[in-house]
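Participant: quick one, what's the 3D model for this:
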Amino acid sequence: MKRAYKVKRTERQVKKVPISKGKAMRKAVLCAFLLGGTIFLTWSGIQDLQTTAQLRLNIQENKDQIADLENEMKDLEKTYQNLSNPDYARYFAMGRYHVTQDGEQVFIFPSADKQE
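Facilitator: Below you'll find the predicted structure:
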């Protein structure tokens, strides 16, 4: 046979005990502290995301600048190779600086841009 047991509760267990003012104040301070910490961590996270986005943009701009400088360097190397050739150097000097050989005449015609 099974016995039935009765659960006896004391008055303290049944009665709701009001929270004291000290406990309420501690809970309020704790909640405020946690709320402040949450806000601070959220703000820090947003700042980190902005910094990361700015750094990625700077990296992309620097990569573009590097590509432009590499293209310019290739052009300058090509010009250097051409100027090492004596025939091209003479052609370049005659065209840009109007250098002539003895007994040679140079005619300079005005360009279409200057006429306008």
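Participant: where does the prediction get shaky in this structure?
Facilitator: 1-19, 106, 113-116 (pLDDT under 70).
Participant: packing partners for the helix with the most length in the chain?
Facilitator: The longest helix of the chain (DSSP state H) is helix 21-84. Applying 3 or more C-beta pairs under 8 Å, 6 or more residues apart in numbering; DSSP states H and E, one finds that helix 21-84 contacts helix 86-97. Where C-beta positions appear, they are placed from N, C-alpha and C, glycine not excepted.
Participant: give me the contact list for the helix it packs on.
Facilitator: 82, 83, 99, 100, 106 (C-beta atoms under 8 Å, 6 or more residues apart in numbering).
Participant: as a markdown table, these with neighbour count would be great.
Facilitator: Output for these, formatted as a markdown table (neighbours: other C-beta atoms under 10 Å):
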| residue | neighbour count |
| --- | --- |
| 82 | 13 |
| 83 | 12 |
| 99 | 12 |
| 100 | 11 |
| 106 | 8 |
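Participant: show me how far stretch 40-54 is from its chain's centre.
Facilitator: 13 Å (C-alpha atoms, centre = their mean, to the nearest Å).
Participant: send me it as CSV with only the CA atoms.
Facilitator: This file holds the C-alpha atoms of stretch 40-54, laid out as CSV (Å, rounded to 0.1, in the frame of the first residue of the first chain):
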residue,chain,number,x,y,z
PHE,A,40,29.3,51.0,-24.4
LEU,A,41,30.1,47.6,-26.0
THR,A,42,27.6,48.3,-28.8
TRP,A,43,29.2,51.8,-29.4
SER,A,44,32.7,50.2,-29.4
GLY,A,45,31.5,47.6,-31.9
ILE,A,46,30.1,50.2,-34.2
GLN,A,47,33.4,52.2,-34.0
ASP,A,48,35.3,49.1,-34.9
LEU,A,49,33.1,48.4,-37.9
GLN,A,50,33.6,51.9,-39.1
THR,A,51,37.3,51.7,-38.7
THR,A,52,37.4,48.4,-40.6
ALA,A,53,35.4,49.8,-43.5
GLN,A,54,37.7,52.9,-43.6
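Participant: check which residues of it are buried.
Facilitator: By 16 or more other C-beta atoms under 10 Å, stretch 40-54 has no buried positions at all.
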